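Student: Dropping a prediction and its sequence here:
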Amino acid sequence: MADFDRAELDEMVQRWLKANEEAELAGDWRPLAEFYTEDATYGWNYGPTQEFMAVGRTEIRDIALGVEMQGLEGWTYPYQHVVVDERSGDVIGLWKQIADATRADGSHYSPQGIGGSWFRYGGDFQWSWQRDFFDFGNVSALFLEMITDKTLSAGMLRRIERATSGEKLPGWYPIGTAPVPLW
């Protein structure tokens, strides 16, 4: 594997973190697509039978950062820690997922467990791929709690209805059939 300049990787991480904060404030993550190479891939697991994969900057912008983030406006994803390997160009960012809605006790809804993103640096301040990981069981339990408490946004309710409708969703694949392997 090629070695990467540590100062460049550190600057990439700082640019990424700043752009994420701006996306959260705007409730629009699509501008983050400029941080990916034209041929980048971005995927994650959706439980025991489904995975998601966006191939190319356009799908990343339109599907991963567009469609898949609908209903999460107002949510934040503060990074808790970032690990950088300048030998491989790998970056691991560990984050929390925090809803803007609050419980009766004033605490924000947030799934338990660890969420994170594994990035591969592609040079020129762009990622060549990203793989997200999160505890699907805890995320599902949180959404169920929010549905029960009637605090899940209308946009997220629509997204859940679409996901459970049986229709073929863009970027969703049965495990092992995505155009690019998840791992």
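Tutor: Received the coordinates, thanks.

Student: I'd like to know which elements the lowest-mean-pLDDT helix or strand in the chain is packed against.
Tutor: None of the helices or strands of the chain scores lower by mean pLDDT, DSSP states H and E than helix 154-163, at a mean of 91. Applying 3 or more Cβ pairs under 8 Å, 6 or more residues apart in numbering; DSSP states H and E, we find helix 154-163 packed against helix 136-148. From N, CA and C alone the C-beta is placed, and that goes for glycine too.

Student: Which helix or strand lies directly C-terminal to the helix or strand hosting Gln14?
Tutor: Per DSSP states H and E, Gln14 falls inside helix 6-26. Sequence-wise, the next helix or strand downstream of helix 6-26 (DSSP H and E) is strand 36-45.

Student: Report the rounded mean pLDDT for that next one.
Tutor: Average pLDDT, strand 36-45: 98.

Student: which other helices and strands contact it?
Tutor: Strand 36-45 is packed against strand 50-55, helix 57-59, strand 127-133, with contacts defined by 3+ Cβ pairs under 8 Å, 6+ apart.

Student: out of these, nearest to Ala154?
Tutor: For those, the distance to Ala154 is smallest for strand 50-55, at 22.6 Å, taking Cβ to Cβ.

Student: and that closest one, how far from the chain's centre?
Tutor: Mean-position distance between strand 50-55 and its chain equals 12 Å (Cα atoms, centre = their mean, to the nearest Å).

Student: so it versus helix 154-163, what angle?
Tutor: 100 degrees (axes from the mean of the first three to the mean of the last three Cα atoms, to 10 degrees).

Student: Show the pLDDT at Gln1.
Tutor: Wrong residue type there; residue 1 is Met, not Gln. 53.

Student: Does Trp118 touch Ile92 like I think?
Tutor: Yes - using Cβ atoms under 8 Å, Trp118 makes contact with Ile92 at a distance of 5.4 Å.

Student: picking that back up, buried set for the helix holding Gln14?
Tutor: Of the residues in helix 6-26, Leu9, Met12, Val13, Trp16, Asn20, Ala23, Glu24 count as buried by neighbour count, 16 or more other Cβ atoms under 10 Å.

Student: what is the most centrally placed residue in the chain paired to in the beta sheet?
Tutor: With distances taken as Cα atoms, centre = their mean, Asp132 lies nearest the centre of the chain, 5.8 Å away. Per DSSP bridges, the residues bridged to Asp132 are Trp44, Ser117.

Student: hmm, back to that, and of the helices and strands packed on strand 36-45, who's closest to Arg30?
Tutor: Among these, helix 57-59 comes nearest to Arg30, with 10.7 Å by Cβ to Cβ.
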